[in-house]
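Asks: Have a look at this prediction, sequence included:
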Amino acid sequence: MAEDRPVKATRENLYTADRTELYDNRDRMVREKWVKIMKLRIVRDKLEECYHSQSVNHMQNCRELVERYLKDLPEARISGRPPEPEAPPLNPSIILAEAQQFLEKEDFEGALVKFDELCSLSVQSPLPLVSRATCRLQLKMYEGVLEDCEKVLKFLNSDIVGHESESCTTVHSLALIRMAKAYKELGRLDEAKSALMRRNAIEHKLGRGSAEEDGDQIAEDQKSAIAWKEKGDEEFKKENWTQALEHYRTGLAYDMYNTKLHSNTCMALIKLKRWTQALKHAEQCIALEPNWVKGYYMKGLILSKESKIEQAREVLQKANAMESKNAQIKTLLDEVEARVEYVETRLRRRKTKQSGNSNQDDDIKKSASDSGNEEQLVEDVDSDEDYCAEGSCRSPQKVKLKISRKDIVNTLVEFGVAAVGIGLVWWLVNRDG
């Protein structure tokens with residue numbers, strides 16, 4: 001049947017005896033086309049079912065159906081029919097398959113166009129965002145990488161396969177790896193380190209840190225860390241800060257990614273007024289859980305204690321934006337802002353005073369030059385009392401004093417006369433003796 005060639009309709013044979021054969025051939029061709037279309041529709045339905053059931057792993061597990069669909073699609077068409085209705089909505093699995101073909105050819109710009117189409121759909125998955133971030137990373141569009149990865153982190157975390165070489169078993173881990181690379185290329189090394197630390201914490205908590213680590217051993221270490229944390233909490237309630245600190249540090253030796261342990265260690269160090277070490281643990285809390293406001297509060301408190309009030313205000317403003325109803329943060333922020341305002345007021349007054357002294361110095365120089373006296377500049381420093389505020393002292397400023405040559409001569413004469421008088425007294429005493 002497939003070898004029969006249809007009769008072409010012309011003016012001459014349209015109303016001849018051949019029209020019966022013509023119609024038969026036409027009907028046969030239409031039936032064959034419709035069979036191909038229905039087969040393709042079955043493949044499409046299976047592909048959509050596979051896409052929904054496999055979730056983020058559909059690109060790998062539905063690959064065979066996608067290739068079959070793309071192969072049969074050009075042949076499943078009927079020519080000479082009325083115009084087709086409006087095109088159905090874009091099929092994410094088909095677009096993803098086309099993007100995969102671009103990736104295999106290392107055509108990242110073409111793949112980026114397809115991933116843009118996927119990400120523009122109303123129903124989104126985190127995987128296209130990660131894939132688009134990968135394309136943007138290859139094209140050195142680092143700000144776009146960060147934007148996509150931030151969106152991925154808003155999705156619920158789920159497992160993913162095919163990225164074992166990067167030690168990533170979840171979508172969030174993969175996004176954080178991409179963020180770390182983008183931050184590194186942008187020169188923001190601290191943020192890159194923070195992203196890697198968050199990735200390590202996710203994998204560690206799931207017992208998938210690396211192939212060499214034993215999941216059972218990780219679970220045991222986490223239990224030991226919790227036990228040491230509870231011991232430290234008991235000592236902390238008794239105000240035994242040093243003993244509590246030792247317990248918390250022992251717990252961190254078992255689980256260095258435990259945010260609560262870093263937080264409690266920081267609080268113990270704050271009680272002991274060991275600001276530098278406490279600041280490191282507060283920054284660890286922020287790195288592990290950027291959305292946890294307590295890390296920012298502790299960092300702001302430490303910076304205020306170290307009299308770094310400008311930095312403290314910046315950190316506390318961020319914490320207040322995260323939890324505007326937190327009275328503790330609000331109180332500390334008000335105190336820091338009051339200190340900043342006090343210092344700025346003192347600086348303005350000092351600047352005004354120095355400006356007035358400068359004008360007075362100009363008048364003194366002018367009068368001295370008129371009298372013919374040469375001047376020498378001698379440096380002195382003000383008292384530290386005017387520069388200390390709330391336990392933090394600024395470096396004293398130098399003030400220039402004016403001394404004429406006549407004053408120096410008179411001083412030397414006075415010293416000479418005094419020396420002569422002392423010598424006469426000493427001679428008289430020795431002569432009487």
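Replies: Sure thing, it's come through. Residues are numbered from 1 along each chain as shown.

Asks: so where do the helices sit in the stretch 201-350 of the chain?
Replies: For the stretch 201-350 of the chain, the helices defined by DSSP state H, counting those that start in this stretch occupy 215-237, 241-254, 259-271, 275-288, 293-305, 309-322, 327-371.

Asks: If you count neighbours, what's buried in the second one?
Replies: Spelled out, that is helix 241-254. Within helix 241-254, the residues that count as buried by 16 or more other C-beta atoms under 10 Å are 241, 243-248, 250-252, 254. Placement of C-beta: from N, CA and C, glycine included.

Asks: now it: mean pLDDT?
Replies: If you average the pLDDT over helix 241-254, you get 87.

Asks: before we move on, the earlier item: now the helices of the stretch 201-350 of the chain in CSV, with distance to residue 198?
Replies: As requested, the helices of the stretch 201-350 of the chain are exported to CSV (distance: least, C-beta to C-beta, whole Å):
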stretch, distance to residue 198
helix 215-237, 17
helix 241-254, 17
helix 259-271, 10
helix 275-288, 6
helix 293-305, 13
helix 309-322, 17
helix 327-371, 23
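
Asks: what's the closest of those helices to residue 104?
Replies: Of all the helices of the stretch 201-350 of the chain, helix 215-237 sits nearest to residue 104, with 34.3 Å by C-beta to C-beta.

Asks: what packs against that closest one?
Replies: Based on contacts counted as 3 or more C-beta pairs under 8 Å, 6 or more residues apart in numbering; DSSP states H and E, the elements that helix 215-237 packs against are helix 241-254, helix 259-271.

Asks: avg pLDDT for it?
Replies: When pLDDT is averaged along helix 215-237, the result is 81.

Asks: in that helix, what's buried?
Replies: Buried, per 16+ other C-beta under 10 Å, within helix 215-237: 218, 221-222, 225, 228-229, 231-232, 235-236.

Asks: before we move on, back to that, redo the helices and strands packed on helix 215-237 as CSV? Include distance to residue 194.
Replies: As requested, these are exported to CSV (distance: least, C-beta to C-beta, whole Å):
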stretch, distance to residue 194
helix 241-254, 18
helix 259-271, 13
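
Asks: which non-adjacent residue is nearest residue 54?
Replies: residue 61 (4.6 Å; C-beta to C-beta, 6 or more residues apart in numbering).

Asks: From residue 322, how far out is the one you found?
Replies: Between residue 61 and residue 322 the computed distance is 40 Å (C-beta to C-beta, to the nearest Å).

Asks: Likewise for residue 46?
Replies: Taking C-beta to C-beta as the measure, residue 46 falls 47 Å from residue 322.

Asks: and the most centrally placed residue in the chain, what does it touch?
Replies: Residue closest to the average C-alpha location in the chain (C-alpha atoms, centre = their mean): residue 191, at 4.9 Å. Taking C-beta atoms under 8 Å, 6 or more residues apart in numbering, we find residue 191 in contact with residue 183.

Asks: let's go with 10 Å and repeat that
Replies: Counting by C-beta atoms under 10 Å, 6 or more residues apart in numbering, residue 191 touches 146, 179-180, 182-184, 287, 290.

Asks: Retrieve the pLDDT associated with it.
Replies: Residue 191 carries a pLDDT value of 82.

Asks: by how many degrees do the host helix or strand of it and helix 259-271 diverge?
Replies: Counting by DSSP states H and E, the element that carries residue 191 is helix 189-205. With axes from the mean of the first three to the mean of the last three C-alpha atoms, to 10 degrees applied, the angle from helix 189-205 to helix 259-271 works out at 130 degrees.

Asks: Need the CA coordinates for helix 189-205. PDB is fine.
Replies: The C-alpha trace of helix 189-205 is given here as PDB (Å, rounded to 0.1, in the frame of the first residue of the first chain):
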ATOM      1  CA  LEU A 189      35.500  35.800  48.200                       C
ATOM      2  CA  ASP A 190      33.700  36.100  51.600                       C
ATOM      3  CA  GLU A 191      30.300  35.400  50.000                       C
ATOM      4  CA  ALA A 192      31.800  32.600  47.900                       C
ATOM      5  CA  LYS A 193      33.100  31.000  51.100                       C
ATOM      6  CA  SER A 194      29.700  31.400  52.700                       C
ATOM      7  CA  ALA A 195      27.900  29.700  49.800                       C
ATOM      8  CA  LEU A 196      30.300  26.800  49.900                       C
ATOM      9  CA  MET A 197      29.900  26.500  53.700                       C
ATOM     10  CA  ARG A 198      26.100  26.300  53.300                       C
ATOM     11  CA  ARG A 199      26.400  23.700  50.600                       C
ATOM     12  CA  ASN A 200      28.700  21.600  52.900                       C
ATOM     13  CA  ALA A 201      26.200  22.000  55.700                       C
ATOM     14  CA  ILE A 202      23.300  20.700  53.600                       C
ATOM     15  CA  GLU A 203      25.200  17.600  52.400                       C
ATOM     16  CA  HIS A 204      26.600  17.000  55.900                       C
ATOM     17  CA  LYS A 205      23.200  17.000  57.500                       C
END
